[in-house]
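Asks: got a sequence here, can you model it:
(4 chains)
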Number of protein chains: 2
Amino acid sequence: MRRDVFQAIADPTRRAIITLIALQAMTPNTIAENFNTTRQAVSKHLRILTECELVKQEQEGREIYYSLEIEKMKELDKWLNQFRKIWETRFNQLDKVLTTIKKQKKC
Amino acid sequence: MRRDVFQAIADPTRRAIITLIALQAMTPNTIAENFNTTRQAVSKHLRILTECELVKQEQEGREIYYSLEIEKMKELDKWLNQFRKIWETRFNQLDKVLTTIKKQKKC
DNA sequence: TATATTTGCAACCGATTAGTTTCATATAAA
DNA sequence: TTTATATGAAACTAATCGGTTGCAAATATA
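Replies: Numbering: from 1, shown residues only, chains lettered A, B, ... in the order given. Below you'll find the model as predicted:
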């Protein structure tokens, strides 16, 4: 079962979990309280997130604190980069057109 | 069947299609030639991409040219923004630490 | 007009998914 | 030690997914 970041963020609950623990580490129980599912379902999501290294654990007694592996999120950013170049170019082209129109109005 | 961008990019073939048509519009047949699947499978992917408005069509006779709706890709960028703030802060904090270490070494 | 090409859709199939219930293990508290 | 709490794993289920085959519609070409 090969996991990747793209598949991991496809599920809305997992995206919510990611956002939830982005700023503060949380235990599975606390995370589950924020959702309308069982603790076990959240546990499964956390396993998937751990498998693709989007999340790291830190044991503290019988509690396990989960927190976001922010570096892994950059992978998405990296993939988006190829398109960012395109939309910036498009914007520049639009900008050029607008400038031309402006100049024409002045004359 | 609610489609969203996150679910759309979860599939590797769809990601490849997106990259393929990002710079140049293509027909389903031409797109399918680039993959190891049937034309119908590609057609299904294109339907999903169309449903979540990641792709737009332009009919030309009996051919249909598909191209990327680059604006929609910004939605992903927008979602990533919340984490970008975090990783930039982390970087700045690291930078601060490094600067402090440097200063300490000087003294 | 008859034939070929381009495409989308429906029906089906095996695999995967997200969820539940049940159970086992480990740690903390009484 | 006994009981309560926190957690993960296994087994099961309904729904969805990605793929295939077969077919119909529309357009181009002979």
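
Asks: residue contacts, the residue in chain A that chain B sits nearest to?
Replies: In chain A, no residue comes nearer to chain B than residue A:10, which is 3.7 Å away by C-beta to the nearest C-beta. Placement of C-beta: from N, CA and C, glycine included. Contacts here follow C-beta atoms under 8 Å, 6 or more residues apart in numbering or on different chains; on that basis residue A:10 touches B:6-7, B:9-10.

Asks: which element is the residue nearest the centre of chain A on?
Replies: Among the residues of chain A, the one closest to the centroid is residue A:73, at 5.8 Å (C-alpha atoms, centre = their mean). The secondary structure element spanning residue A:73 is helix A:70-106 (assigned by DSSP states H and E).

Asks: please list the residues of chain A that sit near chain B.
Replies: Proximity of chain A to chain B (C-beta under 8 Å from any C-beta of the partner chain) is limited to residues A:6-7, A:9-10, A:12, A:15, A:19, A:22-23, A:68, A:70-71, A:73-74, A:76-77, A:79-80, A:82-84, A:86-87, A:90.

Asks: list only buried entries from these.
Replies: For the residues of chain A next to chain B, a neighbour count by 16 or more other C-beta atoms under 10 Å in any protein chain shown gives the buried set as A:6-7, A:9-10, A:22, A:68, A:70, A:73, A:76-77, A:79-80, A:83, A:87.

Asks: these: which two are farthest apart?
Replies: The two members of these with the most space between them (C-beta to C-beta) are A:68 and A:87, at 26.6 Å.

Asks: under the pLDDT cut-off, which ranges of chain A? List them.
Replies: Residue ranges of chain A with pLDDT under 70: A:1-2, A:91, A:93-107.

Asks: roughly how far is stretch A:72-90 from the heart of the chain?
Replies: Centroid displacement of stretch A:72-90 relative to its chain, using C-alpha atoms, centre = their mean, to the nearest Å, is 14 Å.

Asks: you'd agree residue A:69 is up against residue A:58?
Replies: No - with contact defined as C-beta atoms under 8 Å, residue A:69 does not count as touching residue A:58 (11.8 Å).

Asks: between the two, tell me which one has more neighbours.
Replies: Neighbour tally, residue A:69 and residue A:58, criterion other C-beta atoms under 10 Å in any protein chain shown: the higher count belongs to residue A:69, 15 against 10.

Asks: residue numbers of chain A in contact with DNA strand C?
Replies: When proximity is defined as C-beta under 7 Å from any atom of the strand, chain A approaches DNA strand C at A:1, A:7, A:10-11, A:13-14, A:37-38, A:40-41, A:44-45, A:48, A:61-62.

Asks: would you mind giving me the ChimeraX syntax to select the buried ones in those?
Replies: Typed into ChimeraX, the line below selects the buried ones among the residues of chain A next to DNA strand C, using 16+ other C-beta under 10 Å:
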select /A:7,10,11,14,45,48
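
Asks: show me the contacts for residue A:35.
Replies: Contacts were defined as C-beta under 8 Å, 6+ apart; by that measure residue A:35 touches A:13, A:16, A:41-42.
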